[in-house]
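> Provide a 3D model corresponding to the input given below.
(one chain, ligands or ions: 1)
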Amino acid sequence: MNRSLGVLISGRGSNLQAIVDAIAAGTLDARVAVVISNRADAPGLERARRAGIETEYLSHRAYPSREEYDRVLVEHLRARDVGLVCLAGFMRLLSPVFIQAFPNAILNIHPSLLPAFPGLDAQHQAWAHGVKLAGATVHLVDCDLDAGPIVLQCAVPVLEDDTPDSLSARILAEEHRLYPEAIRRLLAGGWRIEGRRFRPGPRPA
Ligand code: GRF
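Numbering: from 1, shown residues only. From the prediction side, this is the model:
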């Protein structure tokens with residue numbers, strides 16, 4: 001698999017940072033070809049610049065429809081020969097135009113044990129529901145929200161005195177471990193999709 005990543009962000013970019021750090025540490029064999037944000041003020045853009053990564057600000061407001069915007073996103077990613085798209089806090093729904101341009105080559109990280117608590121503010125949803133185990137999921141992206149085949153998950157305990165913020169912080173620390181690992185598994189190849197199931201290939205030596 002082509003090891004050039006395109007990372008899409010809208011905000012803080014701490015998962016982007018975890019990917020960049022894993023590459024720098026030599027634990028993830030990949031390169032970030034471009035970071036694209038739909039928001040000019042996303043702090044993640046600065047993180048990318050500091051790491052010497054090319055950045056783009058592409059505002060969705062400049063395009064008449066979701067499909068038009070997605071077409072332009074695809075062009076920008078293809079221009080850098082991106083093989084795997086990593087959504088890292090990208091707050092936009094992607095249309096079939098985008099999904100079909102990168103079949104089984106778009107990853108997303110979501111801060112819950114999917115299929116529980118899809119959508120916005122998943123950590124708060126989990127806390128408010130009173131679950132005892134929360135977590136994070138990295139999944140392939142298909143046309144449904146937070147619903148594609150699950151590549152990796154990890155569980156995070158909810159403690160008695162947790163607030164939504166303290167729970168979010170504990171989940172985020174796990175996200176930063178999980179996302180580079182999921183990318184590693186995908187790039188290792190040898191995997192297949194069976195129904196909803198992601199079947200990993202043999203573990204690299
Ligand atoms: C993370 O919690 C991620 O799971 C969700 O959006 C948040 C992005 O955080 N999709 P960051 O921008 O990577 O710090």
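
> okay, CA-based contacts and neighbour counts for the rest of this
Fine.

> which helices and strands does the longest helix seen in the chain pack with?
Counting residues, the longest helix found in the chain (DSSP state H) is helix 164-188. In this structure, helix 164-188 makes packing contacts with helix 14-24, helix 122-129, strand 133-140, strand 150-157, judged by 3 or more C-alpha pairs under 8 Å, 6 or more residues apart in numbering; DSSP states H and E.

> The last one close to the ligand?
Read it as strand 150-157. No: judged by C-alpha under 6 Å from any ligand atom, strand 150-157 and the ligand are separated, with a smallest distance of 11.6 Å.

> ok and that strand relative to helix 164-188, angle-wise?
Per axes from the mean of the first three to the mean of the last three C-alpha atoms, to 10 degrees, the angle that strand 150-157 makes with helix 164-188 is 150 degrees.

> The third one too?
The directions of strand 133-140 and helix 164-188 differ by 30 degrees, with the same axes, to 10 degrees as the criterion.

> ok, back up a step: list the buried residues in the longest helix of the chain.
164, 167-168, 170-172, 174-176, 178-188 (16 or more other C-alpha atoms under 10 Å).

> What about the ligand: which of those residues touch it?
Near the ligand, judged by C-alpha under 6 Å from any ligand atom, the entries from the buried residues of helix 164-188 are Leu172.

> Residues of this structure that sit close to the ligand?
So the chain meets the ligand at 11-16, 88-89, 109-111, 172 (C-alpha under 6 Å from any ligand atom).

> Go through those and say which is closest to Val151.
Closest to Val151 out of these is Ile109 (10.0 Å), distances taken as C-alpha to C-alpha.

> Secondary structure element for that closest one, which one?
Per DSSP states H and E, Ile109 falls inside strand 106-110.

> pLDDT averaged over that strand - what is it?
Per-residue pLDDT values over strand 106-110 give a mean of 98.

> Can you list the strands that it pairs with?
Counting by DSSP bridges, the strands paired with strand 106-110 are strand 84-87 (parallel), strand 133-140 (antiparallel).

> Could you export these as CSV, including distance to Cys154?
Output for these, formatted as CSV (distance: least, C-alpha to C-alpha, whole Å):
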stretch, distance to Cys154
strand 84-87, 18
strand 133-140, 5
